[in-house]
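# sharing a model that was predicted from the sequence below.
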Amino acid sequence: MFKKYYVKDAFLSEEGSEIELIGWVRSKRRHGRLIFLDLRDSTGVIQVAVKQGVSDSKSFENALEIGLESAVMVRGIIKKDPRAHGGVELHCNNLKVLGPSLEDFPIRKGVGLKFLLDNRHLHLRSPKVVAIMKIRSILMDIARRWLRDNGFIEINCPTFITAAVEGGATLFNVEYFGRKAYLTQSVQFYQEAAIYGLEKVYSLQPSFRAELSRTRRHLTEFWHLEVEMAYAELEDIMKIVEVLVYTMVDGLSREARDILKVLGKEIKSEMAEPPYPRVKYSEALQILNNKGVQINWGEDFGADEERILSKEFEKPFFVTNYPKEAKAFYHMLDPTDPSVCLNADLLAPKGYGEIVGGGQRIHDYHLLVERIRENGLNIEDYKWYVDLRRYGSIPHSGFGLGIERMLWWLLELPHIRSACLFPRTPARVYP
Ligand code: NSS
């Protein structure tokens, strides 16, 4: 049953050789006794010429009748033809319909965005969506490779949780056999437990945020690459972020070059070459205030502020030392100025904004308890998390990188949902 050849093999085959392809009919044009089909599979698109009198008669009839996106098996001869896309054409001897389209394929030029999203299960056959998904896969692969090669162990953490990591406002509630549970916003706390056995860990799994933000950069479910490291301070983790982000961009620039062409894009490693500028929150606030943005010390930057700020930069840049009020309770406070955290967000330039959030964690038992109380949280909810500080606690740091945010920036997508196979936003849980 396995396919022997893919479309990409046809482009590498010698003129005159016979090949059998299986794929889907992307488009169809008729010129009298000649029918041209664009045959699509996971590796590309090739033009197939079905000629009356050359192909057997049943095949010509089949080609006449089939609707777009029908699955077909085509046997034919490779011919170089500069007029065909990719310079190669398949002259069909035999065409068999494996799976007909029962009705007209609903995705066509000119249908609106809502229609495409409602029919994402069909739209994701399009070469552009396919290209984005291939790039996404390569991006994750590069990150995993680098982390593994640098001694990080991949761990898998639970999705059902009982207490907020990043503030209660964005928790999704789950009915858990009569108890209250939530969907995870970040696996950070589990990673913090894991470093006492494994020291350097990472996870790549979904995080959930019940944010009603209808922006171009917010999903309710996103894939989160999180890293945690024992015996690391803020500076150490910033170095890791720099090298990892550069490795991901550089890797894509090489490994995804051909696929990027489908999107008409090019990624250059210079876009993300370290070192990255470092800006303190107070300096960033100054830049924003000078641009007329009304924001006071202590407030977190939202999508608008980050867009304006990041337009001032050509490369990713860190924003560090946020006011403690603007960040979650677990952030280590700066010993030289305890009103701010030892945290670092990495913002992508040119209006894209935050792609990484992280920093140093509080490892002192008493300070952590104090910060939980100051934040008005229930210490009981964080019992096991606090417990970690009781036995051999040491400085540690980590970060989370949003995979879709990174793709949104690198591929200059109009909306972050284009980076997902089936996006989840406040307005969309179907299909
Ligand atoms: O909230 S974060 O800034 N930080 C954390 O969750 C930490 N607990 C991670 C850690 O240190 N282990 O989220 C991290 C990143 C952020 O920079 C974005 O790239 C991404 O996660 N993120 C999102 N992507 C898409 N949609 C939404 N709503 C979203 N929220 C965060």
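Sure, I can see it.
# the residue of the chain positioned farthest from its centre and the ligand, how far apart?
Going by C-alpha atoms, centre = their mean, the residue of the chain most distant from its centre is G53, 49.1 Å out. Applying C-beta to the nearest ligand atom, to the nearest Å, the value for G53 to the ligand is 56 Å. Yep, even glycine has a C-beta here, placed from its N, CA and C like the rest.
# any residues of the stretch 51-200 of the chain in contact with the ligand? List them.
Within the stretch 51-200 of the chain, the positions adjacent to the ligand are V165, E166, Q185, S186, Q188 by C-beta under 6 Å from any ligand atom.
# most surrounded residue in the residues you listed?
Neighbour counts for those, by other C-beta atoms under 10 Å, peak at Q188, which reaches 27 neighbours.
# show me the contacts for S282.
Shown in contact with S282 (C-beta atoms under 8 Å, 6 or more residues apart in numbering): W297, N321.
# and it, helix, strand or coil?
With DSSP: H, G, I helix; E, B strand; the rest coil as the basis, S282 sits in helix.
# need the contact list for the residue farthest from the centre of the chain.
G53 sits next to R33 when contact means C-beta under 8 Å, 6+ apart.
# that one and G86, how far apart?
From G53 across to G86, the span is 26 Å (C-beta to C-beta, to the nearest Å).
# biggest strand in the protein, by residue count?
strand 18-31 (DSSP state E).
# now do the helix or strand following that strand: which elements does it pack against?
Moving toward the C-terminus from strand 18-31, the next helix or strand (DSSP states H and E) is strand 34-41. Secondary-structure packing of strand 34-41 (3 or more C-beta pairs under 8 Å, 6 or more residues apart in numbering; DSSP states H and E): helix 7-12, strand 18-31, strand 44-51, helix 57-65, strand 71-80.
# could I get those as a markdown table with mean neighbour count and mean pLDDT?
Converted to a markdown table, those look like this (neighbours: other C-beta atoms under 10 Å; pLDDT from 0 to 100):
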| stretch | mean neighbour count | mean pLDDT |
| --- | --- | --- |
| helix 7-12 | 17 | 96 |
| strand 18-31 | 17 | 97 |
| strand 44-51 | 22 | 97 |
| helix 57-65 | 17 | 95 |
| strand 71-80 | 18 | 97 |
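# want to try a markdown table for these, with distance to R214 as columns?
Below are the helices and strands packed on strand 34-41 laid out as a markdown table (distance: least, C-beta to C-beta, whole Å):
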| stretch | distance to R214 |
| --- | --- |
| helix 7-12 | 39 |
| strand 18-31 | 33 |
| strand 44-51 | 35 |
| helix 57-65 | 45 |
| strand 71-80 | 38 |
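# nearest to M1, out of those?
Across the helices and strands packed on strand 34-41, M1 has its closest neighbour in strand 18-31 (10.2 Å, C-beta to C-beta).
# next, the angle strand 71-80 makes with that closest one.
90 degrees (axes from the mean of the first three to the mean of the last three C-alpha atoms, to 10 degrees).
# given strand 18-31, what are its sheet partners and their directions?
strand 34-41 (antiparallel), strand 71-80 (antiparallel) (DSSP bridges).
# can you tell me the SS state at G67?
In three-state terms, and counting by three-state DSSP, G67 is coil.
# excluding sequence neighbours, find me the nearest residue to it.
Once flanking residues are discounted, G67 sits nearest to S101: 3.9 Å by C-beta to C-beta, 6 or more residues apart in numbering.
# so that neighbour lies in a helix, does it not?
No: counting by three-state DSSP, S101 is not part of a helix but coil.
# does it touch E69 like I think?
Yes: contact criterion C-beta atoms under 8 Å: S101 and E69 qualify, at 5.0 Å.
# compare these two and say which is more crowded by neighbours.
Neighbour count, other C-beta under 10 Å: between S101 and E69, E69 has more, with 19 against 15.
# please name the residues that touch A419.
Taking C-beta under 8 Å, 6+ apart, one finds I132, R136, I403, E404, L407, W408, L411, L413 in contact with A419.
# redo that, cut-off 6 Å
For A419, the contact set (C-beta atoms under 6 Å, 6 or more residues apart in numbering) comprises E404, L407, W408.
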